Structure formats: C-alpha cells, structure tokens
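Trainee: what's the 3D shape of this:
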Amino acid sequence: MSCVKTLPLLIGLGIFLLGANAHALPEDRNQPIRVQADTAELDDRQGVAVYRGDVVITQGTMKITGDTVTITQNENGDVEVFTSIGKPAYYEQKPAADKEIVKAYGLTIQYFAANERIVLIDQAKVVQEGNTFEGEKIVYDTQRQIVNAGRATNTDVTTPRPRVDMVIQPRKKEPATEQPE
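Mentor: Here you go, the predicted model:
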C-alpha cells in the first residue's frame, strides 16, 4: 500500500464524516475530525484506507471505535462504505441537543454513507433513550432514526440469536393538573 497522494483519501474521509453528522448536532459538522490508530495503510488506486490497532474516530459528539477500520471510496473519491471490526466495534452520537447519545455495538459495523445507514452484525445492539434493541443483525437508519432488528442470513455469527430482544421504555407523561372546583 502506498502513502503517496493520501490527500484525496483524507478529504474523502472528511466528507464522509461530515455526511455522517448531517442529522446530528449542527456543531458536530464544524468540529475537527480526529483519527487515531496504531497503523494506517492507504491505497489511493484502490480507494481503500485501513486503520489498525485501537482505532478511534471522533468529530464533535460522534465517536467510532474498532480494532480495524476500513474506509472504501468509489472512483469519484466519495466514501461508499465504512467498516469497523472489533470485540465489539462501537458507534455513538448525540442526534440532537435535547436527545440522549445513541450507542451502537456489533462485532462488525458497516456505515453506508449514501443513505446514512448503519448495519450492525453479530452481537448487535442499539441503545437509544433507554430503549435497547438486540439481535444478530440490526439496521439503523440514522436519518429517520428507525431501527430494524432480526436474523443475520448468509452470515456466520459467533452468538446465534434466533429471536430479537427489545426493551422499550414507557413514555413519560406530564403530571395531570388539578382542575379548580
């Protein structure tokens, strides 16, 4: 792998991370992007960057971690897929100032930049405002904040889960006000 001409790849990473924050706190998009890893391999011809060793990517409230993180770009230099592998890999972000941080886990986390969708595979879990969603595979639409959980077909999983496990918290109701007599 070559470290020559890495500027287009780094710019692509920046565009990817800015796009990932389109529906998060507005301040996140204006924050610096930080990538930390033990090693980095960049291949401009193939449009692939591989970071290894306790990888941490942060920008504002967003944080992504994994043992290995691979970023794949298309021929135009746009980020297509971001893949984080860990035990587990981790994603978090505060979607809005009045919302709690959304946390997501999986042995593999894939982020598809074009439609702002996160796919969690194997030991998948999303925690959002006290609600938890667990299964073999979870698809989280960050734009619409919709979670789908189920079986991971055509994928070997370390911990088979034939059923989805969800815990949904009751909505907080406003206390009833007493009517004057």
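Trainee: Let me know the pLDDT of the nearest residue to K63 once chain neighbours are set aside.
Mentor: Using Cβ to Cβ, 6 or more residues apart in numbering and skipping the chain neighbours, the partner closest in space to K63 is E92 (4.9 Å). Quick note: C-beta positions are derived from backbone N, CA and C, even for glycine. The model reports E92 with a pLDDT of 91.
Trainee: What residues of the helix or strand where E92 lies count as buried?
Mentor: In this structure, E92 sits in strand 79-93 according to DSSP states H and E. Counting neighbours by 16 or more other Cβ atoms under 10 Å, one finds that the buried residues in strand 79-93 are 79-86, 88-93.
Trainee: Would you mind giving those as CSV with distance to I121 added?
Mentor: Below are these laid out as CSV (distance: Cβ to Cβ, whole Å):
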residue, distance to I121
V79, 19
E80, 17
V81, 13
F82, 14
T83, 10
S84, 11
I85, 10
G86, 12
P88, 10
A89, 10
Y90, 14
Y91, 13
E92, 18
Q93, 19
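Trainee: Would you check that V147 makes contact with G135?
Mentor: No: contact status for V147 versus G135: not in contact, 9.8 Å apart, counting by Cβ atoms under 8 Å.
Trainee: pLDDT below threshold where in the protein?
Mentor: Scanning the chain for pLDDT under 70 picks out 1-33, 174-181.
Trainee: how about a cut-off of 80?
Mentor: For the chain, the stretches flagged by pLDDT under 80 are 1-34, 59-60, 62, 77-79, 113-116, 142-143, 145, 153-156, 159-162, 172-181.
Trainee: show me where it has strands.
Mentor: Applying DSSP state E to the chain gives strands spanning 34-36, 39-43, 48-59, 62-73, 79-93, 102-112, 117-128, 131-141, 146-150, 165-167.
Trainee: and the third one, what other elements does it pack with?
Mentor: Under the contact criterion of 3 or more Cβ pairs under 8 Å, 6 or more residues apart in numbering; DSSP states H and E, the helices and strands touching strand 48-59 comprise helix 7-20, strand 34-36, strand 39-43, strand 62-73.
Trainee: of the buried residues of strand 79-93, closest to V50?
Mentor: Closest approach to V50 among the buried residues of strand 79-93 (Cβ to Cβ): T83, at 9.6 Å.
Trainee: residues contacting the closest one?
Mentor: 69-72, 108-111 (Cβ atoms under 8 Å, 6 or more residues apart in numbering).
Trainee: Export those residues as JSON lines, with columns for distance to T159 and neighbour count.
Mentor: Below are the contacts of T83 laid out as JSON lines (distance: Cβ to Cβ, whole Å; neighbours: other Cβ atoms under 10 Å):
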{"residue": "V69", "distance to T159": "22", "neighbour count": "25"}
{"residue": "T70", "distance to T159": "23", "neighbour count": "18"}
{"residue": "I71", "distance to T159": "27", "neighbour count": "25"}
{"residue": "T72", "distance to T159": "27", "neighbour count": "16"}
{"residue": "T108", "distance to T159": "13", "neighbour count": "21"}
{"residue": "I109", "distance to T159": "16", "neighbour count": "27"}
{"residue": "Q110", "distance to T159": "18", "neighbour count": "18"}
{"residue": "Y111", "distance to T159": "22", "neighbour count": "24"}
